[in-house]
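Participant: build the 3D model from these lines:
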Amino acid sequence: MHKPPLTLYLAAPRGFCAGVDRAIKIVEMALEKWGAPVFVRHEIVHNKYVVDDLRGKGAVFVEELDECPDDRPVIFSAHGVPKSVPAAAQARQMVYVDATCPLVSKVHIEAQRHADNGLQMIMIGHAGHPETVGTMGQLPEGEVLLVETVEDVATVAVRDPERLAFVTQTTLSVDDTADIVAALQARFPAIVGPHKEDICYATTNRQEAVKAMAPKCDAMLVVGAPNSSNSKRLVEVGARAGCAYAQLVQRASDIDWRALDGIGSVGITAGASAPEVLINEVIEAFRARYDVTVEMVVTAEENVEFKVPRVLREPA
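Facilitator: Residues are numbered from 1 along each chain as shown. Alright, predicted model coming up:
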C-alpha cells in the first residue's frame, strides 16, 4: 500500500518538566519507602496515563484530606495546596510529603512576603484550578483577589490602589498574561510585580517552541489532558501563531484522522505533564498511515532538576 508523504515537526522542549518529574518520583519513592497504599490528595499531575500507572503501583487518589486514614502517608500534588491542608495533616499527626512544584512554592512565598508588607494580592489565574486554589489559600480570605481576563481588571474592587501586588499562575499563556499585567499596571500604577516572571520556564519554553513550529504546519497536535492548563494554552498559542488546525489529544486513539485528510505537515508537542511514551504512540500512529519524515524544532535546552524532599532520601 502506498503511503502519502508527511513531515512531522517535533517540538523541543515538550512533555515532562522538572516539577512533574519530581512529583511522580515522590509518589514512587513513597511507595518504595512505606509500601502501598500511599494516598495522594488530588491528581499528582494532570495526566490520566500517569495517574493510572501510579494507581497500579499502589497510589490511592483522593480529592480531600478527610478521605485519608491517619496511619498512611499522604502526598500533596504538584499544583500546591492551601495552607489549611498541611495544618490539618499536622493536627492529625499524619506523615505527609509535599510534592508542590518548587516554582509554585516560589509564588506562595512571594504572596506571603507581599502580605507581610501589608499589600493586598491580585492573582492572575483560572478560577477553580488547583494551583490557583492553592496559591489563594496561602493567605486569609479576601487577601487575594482573582482576575482571569483583561475585562476583570476593570471591575476588581481593591482595598487600597496604592498597596497592591500581583502574582500569576505558573501555567498561563505568556501573551495573554502580558495583556492582563499591562491592564493592571495601567489601572494601578503603584502595583508591585514579581522579581522574576511567575510563569515557569517550562511553560514559556513549550510555548516558544510552538510559536516557532506553528507557521510550518498544516495541523498541530498537543498531547495532554483536557484539565491540563499548560496543554490547553499550547493549543491556543499554536492557533494564534498561524496553524490552521490545532487540537488537544490525550493519546493516539483521540486523533481525528478525517480532519487531517490531505495535509502535508503536522506539528507535535506535549504539555508539561504528558509522558514521552504517549508522544511516541502518536508518532507511531502517523507512521502506520503515512511515509513520515521527522524534523525537530528546537528552541531551548532544558537541564533543570529539582531534588525530592529529604524525608524520602532517608531510610524508613
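Participant: so what's residue 34 up against?
Facilitator: Applying Cβ atoms under 8 Å, 6 or more residues apart in numbering, we find residue 34 in contact with 72-73, 95, 316. The way it works is simple: take the backbone N, C-alpha and C, and place the C-beta from them, glycine included.
Participant: from those, which has minimum pLDDT?
Facilitator: Lowest pLDDT of the contacts of residue 34: residue 316, 70.
Participant: how far away is that one from residue 30?
Facilitator: As defined by Cβ to Cβ, to the nearest Å, residue 316 lies at a distance of 10 Å from residue 30.
Participant: neighbour-wise, which of these two wins?
Facilitator: Set side by side, residue 316 and residue 30 show more neighbours around residue 30, with 27 against 8, by other Cβ atoms under 10 Å.
Participant: and the more buried one, helix, strand or coil?
Facilitator: With DSSP: H, G, I helix; E, B strand; the rest coil as the basis, residue 30 sits in helix.
Participant: what helices and strands are in contact with the strand or helix carrying residue 52?
Facilitator: Element membership for residue 52 (DSSP states H and E) is helix 48-57. Applying 3 or more Cβ pairs under 8 Å, 6 or more residues apart in numbering; DSSP states H and E, we find helix 48-57 packed against helix 18-34.
Participant: pull the contacting residues for the spatially closest residue to residue 92 that is not a sequence neighbour.
Facilitator: Excluding its sequence neighbours, the residue lying closest to residue 92 (Cβ to Cβ, 6 or more residues apart in numbering) is residue 70, at 5.2 Å. Neighbouring residues of residue 70 by Cβ under 8 Å, 6+ apart: 92-94.
Participant: next: residue 191.
Facilitator: 122, 164-166, 184-185.
Participant: among those residues, name the ones in helices.
Facilitator: 184-185 (DSSP state H).
Participant: going through the contacts of residue 191, which ones are buried?
Facilitator: The neighbour count (16 or more other Cβ atoms under 10 Å) marks 122, 164-166, 184 as buried among the contacts of residue 191.
Participant: so of the residues you listed, which ones are in strands?
Facilitator: The members of the buried ones among the contacts of residue 191 that map onto strands under DSSP state E are 122, 164-166.
Participant: sorry, back to before: of the buried ones among the contacts of residue 191, which pair is most distant in space?
Facilitator: Based on Cβ to Cβ, the longest span within the buried ones among the contacts of residue 191 runs between 165 and 184 and measures 10.1 Å.
Participant: show me whatever sits in contact with both of the two.
Facilitator: Each of 122, 191 lies in contact with both residue 165 and residue 184 under the rule Cβ under 8 Å, 6+ apart.
Participant: all strands for the stretch 201-316 of the chain, in order.
Facilitator: Assigned by DSSP state E, counting those that start in this stretch, the strands in the stretch 201-316 of the chain fall at 219-223, 246-249, 265-270, 291-298.
Participant: likewise the stretch 51-200 of the chain?
Facilitator: With strands called from DSSP E, counting those that start in this stretch, the stretch 51-200 of the chain shows them at 59-62, 74-76, 96-98, 120-124, 144-147, 164-168.
Participant: picking up where we left off before, relative to residue 27, how far out is the residue nearest to residue 92?
Facilitator: Distance from residue 70 to residue 27, by Cβ to Cβ: 20 Å.
Participant: same check, this time on residue 251
Facilitator: From residue 251 to residue 27 the distance is 21 Å (Cβ to Cβ).
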